[in-house]
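> what's the 3D shape of this:
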Amino acid sequence: MRPKQQWLLIAATNLSLIVGIFIFAVGFFPYKPFLPGLSVFSEESESVAAPFNKVVFMVIDALRADFVYSEASNFKFTQSLISSGAAFPFTAHANAPTITMPRIKAMLTGAGGKLVMYGDDTWIKLLPETFCRQEGTTSFFVADFVEVDNNVTRHVAPELEKDDWDALVLHYLGLDHVGHKAGPKSAFMLPKQAEMDGIIQGIYTGLETQPHLRDTVFVLVGDHGMNDAGGHGGSTAGETSAAMLFMSPKFKNYTNGGFPAPAEPHAEFRFHTLVEQTDITPTLAALLHFPIPQNNVGRVISSFLPIWDEKDRVQVLIHNAQQMLQVIIATFPHFEPLGADKSLCSAKIQKEEIQLACMWAKALEVRSLWQRGLATVDNVIEELLKFTKEAQGVLAMAASSYNLTLMTIGVVLLVVANALSLISVFFGEGSTGSIIYTFANNIPVALLITLNCIMMFSTSFIEEEHNLWYWTASAWFFVMMLKERRSGEMGISSLIILLLVRISRRWNQTGVKHQGAPDIVTGFLLKHTTIMWILIFATYLYSLWRLNKRVCRRWGKAPSAILANTIISAAVTFKMSFARQDAIEAIPWWLLPIVRLFESASLISLARAAFMALGIAMGITLFAERTKKDPKRTLRISVVLHDLLAVFLATQSRFWNVPLILVFNIQFRMLDKLSSPVSPGKKPLLSPQEITLSSLLLQHVAFFALGGSNNISSLDLSNVLNGVSGFNVVIVGILTFLSNWVGPVFWSLGGIVLLRRWADGEADGVYRQQIAMWTLFWSIVGSAVMASCYMHRAHLFIWTVFSPKYIYTMTWSVLHLAVMNIGVGALWRWGNKWAVE
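Numbering: from 1, shown residues only. Predicted coordinates for the structure are as follows:
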């Protein structure tokens, strides 16, 4: 196959892969029928007394249920309200893929009147020109859990004095940031709980003492919980169990002496009554007598029904049921309420919409009997609650979410990509044209692809995928060690790589099964901070040694040393200052005086200084250092670029992960040795296929070693604003990808550098084969993930295990393969051809 033909085939394969992935995503990810417009009470609706006319709505991000209700909680005042009966406590369950907060925001928007908001600026972005007073705080500065809350709290007391608002929204982010920073058992957690409890006390006292606040309901809610590692986004009990409380002095008349506080959980992280998080929307609407939003799928919480008289209780539930009925009609176009003929209700097996129609008919029938004095109010309430519960369950699992046609098209396009990538590998550069020979030459890759595809059909295997990469990488480099020894070497290089893989796998505990278990970071480094910082400095010193005499070589040793020291000094200064703000307890006593020298400098300025120094060095290397293409010159532009990249990636890593960059660098040098000829005239020990496979294995080992997983909760947002003064979606998006793909980026571009000796004199054939092999891997694995999502679309864990894996597959295939390996990798491939002066 000619070079141009193979490049065209690779381009067609990746185009088919990308388009197929996005088309499948459009059909796969859920959409619900949307009823436009604001809801209003119907003309025939009977008026219901409103117990309250104002609401203080306080969101504490990641407020897990046990943070408020358990014996270990530091919400002491809040617990006193629970025990006195002034608060209704619940555990709110977030059922994926339900997104509750937009529904709450929609309710507050439809409520009318004046709204005031302080806290997470997501509210302001989603609801522009909605609040009469507002101040937003960004949720991306996860290292800050002090000022981010102080900027909300300073507005509370002044707002409580005012009587010109109908809803006061407060969204606190600090507790969530504490979780992201060090987990739920962090030393900062209890003080943060006490701080939030003090704010609750201040607000509740205002309700008691301020005349204009006596008809105000105070709602405290967590938008989600957190897992044992401090993350969220998954399906564990900790992540889906949030605290939710309604507070008011009025409630003491309806709670029969209060509730246990502290309380014992009746299931993992489940305290008091369990409700769906979406239930808060119709409940608040009833308490404030607002129309329930048209797209609501929640139920009025029955605990509040005693607040109304019998007639109003029924009317509250009728409003809720009628509103949900409209959503059912939109979801099931063939749904029709039953008339006088109810023969369909006698069938043993019923469609969901028929079952709902029968339950609604039964509820109306019982209400009619009650109105004629032939049934009790409890009978009516029972039937209405049955209907809304069943409707909620059906709507949450509505199969109309999928567009199977688009999903099928996506699968077909991936099959096409598979075929094209197979042709590219089997008939591309270096192949003999023999399918049997080419397959035999790529048996390790075939086995890896097969194992990976099998794993995509099991939830446990997806959650624990890191084990596949750890074990296969260990086995592979053990085989490489045997090969090295057979060539007459001692096998030291492969052994070092193998030992460092073993260290990497214990660096950060990942996956779900052993989430939060001790690892090198939590069990050793954060307890022995001096050793940790010695390793961090060693990482940067290694990079300094590598850069010294490699940048600005044309202008002599002094300029080279100055630029190299400037780069490393700026990077180290930023990392120390970041650690001081992120976790000052992780800085040893002897380092604190040095760190405090830079207290007046902003992190943005320090990060920009490091990035600018790296940019200057990169520019000089590309445009001023390039010399002739000479195979005898061993130092290539790509080598210098990769050394600069290592410094940048260390800057984008959490400070406790910086030593892993040193691990990667050492492994890279050992692989570089194996990829070099043992003596002049001989070929390198590792073939291009073996270099490509080694790179692929280490990309994934590094991803998981740095704390990555197939769970959204493992995403690291702590470095996504490095050097950014405002929110720029493009820059933040790039930094988010690079922060979470540090290891894969290092090894994918490193894999290109390792091929430079094979490429000398062979044009770009080895590069085409490398890209073809990587494309083949992600094309086939992507097909397996698609097939798994298609087959398991009715599975219990479709939104908590399979869909996150699909999102990660999209990122690996589009951003990592197409953009990074092929796009940015072109610069590295070009750099392999040119020597440095």
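> By mean pLDDT, flag the weakest helix or strand of this protein.
One helix or strand of the chain scores below all others by mean pLDDT, DSSP states H and E: helix 100-110, with a mean of 47.
> Only alpha carbons, please: show the following helix or strand past that one as PDB.
Proceeding N to C from helix 100-110, the next assigned helix or strand is strand 115-120, under DSSP states H and E. As requested, C-alpha coordinates have been extracted for strand 115-120 and formatted as PDB (Å, rounded to 0.1, in the frame of the first residue of the first chain):
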ATOM      1  CA  LEU A 115     -35.300  36.300  43.900                       C
ATOM      2  CA  VAL A 116     -31.900  36.800  45.400                       C
ATOM      3  CA  MET A 117     -28.900  34.500  44.900                       C
ATOM      4  CA  TYR A 118     -25.400  34.200  46.300                       C
ATOM      5  CA  GLY A 119     -23.000  31.300  45.700                       C
ATOM      6  CA  ASP A 120     -22.300  28.900  42.800                       C
END
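> Okay, strands next: where are they in the stretch 201-350 of the chain?
Under the criterion DSSP state E, counting those that start in this stretch, the stretch 201-350 of the chain contains strands at 216-221, 241-247, 273-276.
> May I see these organised as CSV, with mean neighbour count and mean pLDDT added?
No exception for glycine: its C-beta is placed from N, CA and C like everyone else's. Shown next, in CSV, are the strands of the stretch 201-350 of the chain (neighbours: other C-beta atoms under 10 Å; pLDDT from 0 to 100):
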stretch, mean neighbour count, mean pLDDT
strand 216-221, 23, 95
strand 241-247, 26, 94
strand 273-276, 18, 92
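> Show me the one of the ones you listed that comes nearest K389.
Shortest distance between K389 and the strands of the stretch 201-350 of the chain, using C-beta to C-beta, is found for strand 273-276: 9.6 Å.
> Which strands border that closest one, and is each parallel or antiparallel?
Based on DSSP bridges, the pairing partners of strand 273-276 within the sheet are strand 87-93 (parallel).
> Of the strands of the stretch 201-350 of the chain, which is nearest F797?
Nearest to F797, of all the strands of the stretch 201-350 of the chain, is strand 241-247, at 16.9 Å by C-beta to C-beta.
> Off-centre distance for the closest one?
Counting by C-alpha atoms, centre = their mean, to the nearest Å, strand 241-247 is centred 24 Å from the centre of its parent chain.
> Stretch 161-176 now?
Distance, stretch centre to chain centre, for stretch 161-176: 26 Å (C-alpha atoms, centre = their mean).
> Enumerate the positions of it that are buried.
W165, D166, A167, L168, V169, L170, H171, Y172, L173, G174, L175, D176 (16 or more other C-beta atoms under 10 Å).
> I'd like the mean pLDDT over that stretch, please.
Rounded to a whole number, the mean pLDDT of stretch 161-176 is 91.
> same question, stretch 403-420
For stretch 403-420, the mean confidence score works out to 92.
> buried ones in it?
Of all the residues in stretch 403-420, those buried under the rule 16+ other C-beta under 10 Å are 403, 406-407, 409-411, 413-418, 420.
> Repeat that for stretch 673-683.
With the criterion 16+ other C-beta under 10 Å, stretch 673-683 contains buried residues K673, L674, S675.
> before we move on, back to that, got the strands of the stretch 201-350 of the chain as JSON lines, with distance to V640 columns?
Output for these, formatted as JSON lines (distance: least, C-beta to C-beta, whole Å):
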{"stretch": "strand 216-221", "distance to V640": "53"}
{"stretch": "strand 241-247", "distance to V640": "50"}
{"stretch": "strand 273-276", "distance to V640": "57"}
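> looking at these, which is closest to Q769?
When those are ranked by distance to Q769, counting by C-beta to C-beta, first place goes to strand 241-247 at 50.3 Å.
> Against which helices or strands is that closest one packed?
Using 3 or more C-beta pairs under 8 Å, 6 or more residues apart in numbering; DSSP states H and E as the contact criterion, the elements in contact with strand 241-247 are helix 65-69, helix 76-84, strand 87-93, helix 189-209, strand 216-221, helix 280-288.
> C-alpha coordinates for it, CSV please?
Output of strand 241-247 as CSV, limited to C-alpha atoms (Å, rounded to 0.1, in the frame of the first residue of the first chain):
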residue,chain,number,x,y,z
SER,A,241,-27.5,10.0,49.6
ALA,A,242,-27.8,13.7,50.4
ALA,A,243,-29.3,15.4,53.4
MET,A,244,-32.5,17.4,53.0
LEU,A,245,-34.3,19.3,55.8
PHE,A,246,-37.2,21.7,55.9
MET,A,247,-37.1,24.0,59.0
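> re the thing from before, which ones among the buried residues of stretch 403-420 are found in strands?
Counting by DSSP state E, no part of the buried residues of stretch 403-420 is found in strands.
> Which members of these are the farthest-apart pair?
By the measure C-beta to C-beta, the buried residues of stretch 403-420 have their two most distant members at N403 and L420, which lie 25.2 Å apart.
> want to throw the buried residues of stretch 673-683 into CSV with pLDDT?
Written out in CSV, the entries for the buried residues of stretch 673-683 read as follows (pLDDT from 0 to 100):
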residue, pLDDT
K673, 91
L674, 90
S675, 86
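> shaky segments in the stretch 251-400 of the chain?
Along the stretch 251-400 of the chain, segments meeting pLDDT under 70 span 338-344, 346-350, 398-400.
> all helices for it, in order.
Remark: helices of the stretch 251-400 of the chain, listed N- to C-terminal, are 280-288, 310-331, 352-371, 377-396; assignment by DSSP state H, counting those that start in this stretch.
> Tell me which of those helices sits most buried.
Mean neighbour count, computed with mean count of other C-beta atoms under 10 Å, is highest for helix 280-288 among these, reaching a mean of 25.
> chain center to it, what's the gap?
So, by C-alpha atoms, centre = their mean, the centroid of helix 280-288 is 30 Å from its chain's centroid.
> what packs against it?
In this structure, helix 280-288 packs against strand 54-60, helix 100-110, strand 216-221, strand 241-247, helix 310-331, with contacts taken as 3+ C-beta pairs under 8 Å, 6+ apart.
> Recalculate using a threshold of 7 Å.
In terms of contacts (3 or more C-beta pairs under 7 Å, 6 or more residues apart in numbering; DSSP states H and E), helix 280-288 is packed against helix 100-110, strand 216-221.
> Would you mind writing the CA trace of that helix as CSV?
Extracted in CSV, the C-alpha atoms of helix 280-288 (Å, rounded to 0.1, in the frame of the first residue of the first chain):
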residue,chain,number,x,y,z
ILE,A,280,-38.4,18.8,46.8
THR,A,281,-39.9,20.6,43.8
PRO,A,282,-43.6,19.8,44.2
THR,A,283,-43.3,19.9,48.0
LEU,A,284,-42.0,23.5,48.0
ALA,A,285,-44.6,24.4,45.4
ALA,A,286,-47.3,23.2,47.7
LEU,A,287,-45.9,24.9,50.8
LEU,A,288,-45.6,28.2,49.0
